[in-house]
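>>> quick one: sequence plus predicted model below, questions after.
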Amino acid sequence: MASSPASNQLTLVVEESDGFSPNRMYKVVQSYLVSIAVSGASTARRLCITVPYDGDDNAEVRSEAIQITVDTGEEVVDFYQEAKFLWRVAIRESFGNTGQFFYSHGDPTEVKYFELTFDERYREFAIKSYIPYILEQAKTIRLWTNNEDAMWKPAKLRQVATLNTLAMKEEKKKALIDDLSKFVQKKEYYNRIGKAWQRRYVLFGPPGTGKSTLIAAMANFLRFDIYNLELTKVTSNDELRSLLINTTNSSILVIENIKCSVELQEGEKEKKPTAEGSANDDESKITLSGLLNIVDGLWSDCGDERIIIITANYKEMFDPALLRPGRMDILIHMGYCDSSVFRVLASYYHSLTNHPLFSEIGELIEVISIITPAEVAEALMRSDDAEIALKGLMDMLNGKDMSFDHMVIEALWALKKEWGTRLLEHVDI
Ligand SMILES: Nc1ncnc2c1ncn2[C@@H]1O[C@H](COP(=O)(O)OP(=O)(O)OP(=O)(O)O)[C@@H](O)[C@H]1O
């Protein structure tokens with residue numbers, strides 16, 4: 001980046017390349033400008049959409065291939081905190097006289113660049129705060145899901161949750177943050193012991209208790225992408241292997257609702273697709289050993305900073321082989337709402353730390369005991385007016401028909417009794 005002050009304005013220039021290698025900052029700025037332009041947070045009115053040509057006119061254009069850039073000539077105004085930043089997308093000709101050996105035949109070549117202009121009094125602020133902020137934004141979290149062709153496709157991240165907004169008991173949250181923070185600093189340790197740098201979590205809890213929210217919050221905390229593996233779409237261990245190879249380092253692999261995804265049986269023989277390449281119903285199952293062995297083996301060679309999260313609604317849904325000591329590291333139970341979780345939700349949705357209705361609502365929640373954070377969150381979101389929202393929540397709690405829920409809980413306890421509670425020797429958060 002070069003700077004050239006003019007009157008009381010300062011200009012920083014970010015060129016596409018230094019003549020020898022691409023300037024990574026150029027890509028970072030490009031994706032930042034696109035993201036604010038697409039979200040409507042900037043003044044850009046003209047975006048450029050391209051799909052790089054792959055030599056095959058008839059090939060299907062995949063949405064992953066589409067590239068959006070801010071068009072040359074555009075000016076983009078960005079307000080960051082109190083400062084105004086003006087970005088200009090430009091192009092200049094270079095005759096190769098700046099050490100660019102491959103331009104040295106006399107033909108001009110185009111060099112794209114971004115020009116950032118701002119008031120000189122923001123010099124330090126721009127360098128120490130705005131630019132680092134843009135670098136941080138460049139690592140937006142992407143969610144990927146697998147399709148029937150064993151390819152990852154981008155999906156919309158349903159929620160941009162953070163650990164701050166996640167309602168979870170404070171001590172559990174702290175333990176989780178400690179664990180994640182230690183994990184990302186352990187590269188040397190994993191290298192030394194010769195094991196894959198990965199951490200494995202099991203999340204369980206009834207629907208609506210925040211498992212997906214927690215995963216999104218973990219991804220946000222670590223700035224990792226999420227790969228949501230839908231096992232029902234995987235027809236063989238080979239496909240599974242190929243999908244796993246195509247995930248990036250510093251990412252989270254999620255296998256949700258494992259029992260619902262696929263009937264995984266320990267010891268089941270791996271089924272092969274038929275000669276025509278199609279798979280019948282039976283063959284659409286991958287094996288539990290296939291899943292575990294591939295995950296175990298593959299990343300010890302080529303995976304760094306991997307998190308694997310397996311979720312289910314009840315602990316008993318996990319196959320004992322999956323929960324064998326050494327297989328998974330941390331077990332997290334996401335439970336029903338209690339009064340402390342309700343308080344976190346109230347402060348998140350209405351910035352309330354206290355209210356005369358809090359104790360009554362807290363007591364009701366504890367008595368009912370099987371209300372989910374999702375139900376409470378939904379009631380709190382019904383109105384922007386905290387008073388109305390809290391009254392609505394109280395009405396909902398008072399009117400909750402517990403007969404059906406109780407029947408379900410009773411049935412689950414019976415199941416649990418029958419199956420027994422498996423003793424797990426990992427850390428149980
Ligand atoms: N612990 C929580 N903290 C904050 N918000 C929560 C929490 N639990 C649920 N919610 C709210 O409820 C919605 C649904 O929760 P979420 O999808 O995370 O639950 P889940 O346990 O993953 O459910 P499912 O098993 O059905 O996928 C979220 O979008 C969020 O708004």
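Ah, there it is.

>>> drop to CA atoms for contacts and neighbour counts, all remaining ones
OK.

>>> so who does the residue of the stretch 301-429 of the chain found nearest the ligand touch?
For the stretch 301-429 of the chain and the ligand, the shortest gap (CA to the nearest ligand atom) falls at Ala374, measuring 3.2 Å. Contacts for Ala374 (CA atoms under 8 Å, 6 or more residues apart in numbering) come out as Gly208, Thr209, Gly210.

>>> export the helix or strand hosting it to PDB, keeping only CA atoms.
Using DSSP states H and E, Ala374 sits within helix 373-381. Only the C-alpha atoms of helix 373-381 are listed here, as PDB (Å, rounded to 0.1, in the frame of the first residue of the first chain):
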ATOM      1  CA  PRO A 373     -35.000 -21.700  24.500                       C
ATOM      2  CA  ALA A 374     -36.400 -21.500  20.900                       C
ATOM      3  CA  GLU A 375     -40.000 -21.200  22.300                       C
ATOM      4  CA  VAL A 376     -38.900 -18.500  24.700                       C
ATOM      5  CA  ALA A 377     -36.900 -16.700  22.000                       C
ATOM      6  CA  GLU A 378     -39.900 -16.800  19.600                       C
ATOM      7  CA  ALA A 379     -42.200 -15.300  22.300                       C
ATOM      8  CA  LEU A 380     -39.700 -12.500  23.100                       C
ATOM      9  CA  MET A 381     -39.300 -11.600  19.400                       C
END
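
>>> so after that helix, what's the next helix or strand?
helix 386-398.

>>> related to what we said a few turns ago, and the contacts of Ala374, which is closest to Arg46?
Of all the contacts of Ala374, Arg46 sits closest to Gly210, with 39.2 Å by CA to CA.

>>> so Pro129, which of the three states?
To be clear, residue 129 is Ser; Pro isn't right here. helix (DSSP: H, G, I helix; E, B strand; the rest coil).

>>> swap in Lys400?
coil.

>>> burial check on it, number of neighbours?
Residues lying near Lys400 (other CA atoms under 10 Å) number 12.

>>> pLDDT score for it?
With respect to pLDDT, Lys400 has a value of 75.

>>> from Val376, how far out is it?
Separation of Lys400 from Val376 (CA to CA, to the nearest Å): 12 Å.

>>> what's downstream of the helix or strand harbouring Lys173, the next helix or strand?
Using DSSP H and E, the element containing Lys173 is helix 170-184. Next in sequence after helix 170-184, counting helices and strands by DSSP H and E, comes helix 187-193.

>>> so in that sheet, which strands flank the helix or strand just after that next one, and in what orientation?
Proceeding N to C from helix 187-193, the next assigned helix or strand is strand 198-204, under DSSP H and E. Strand 198-204 has its sheet partners listed here by DSSP bridges as strand 306-312 (parallel), strand 330-333 (parallel).
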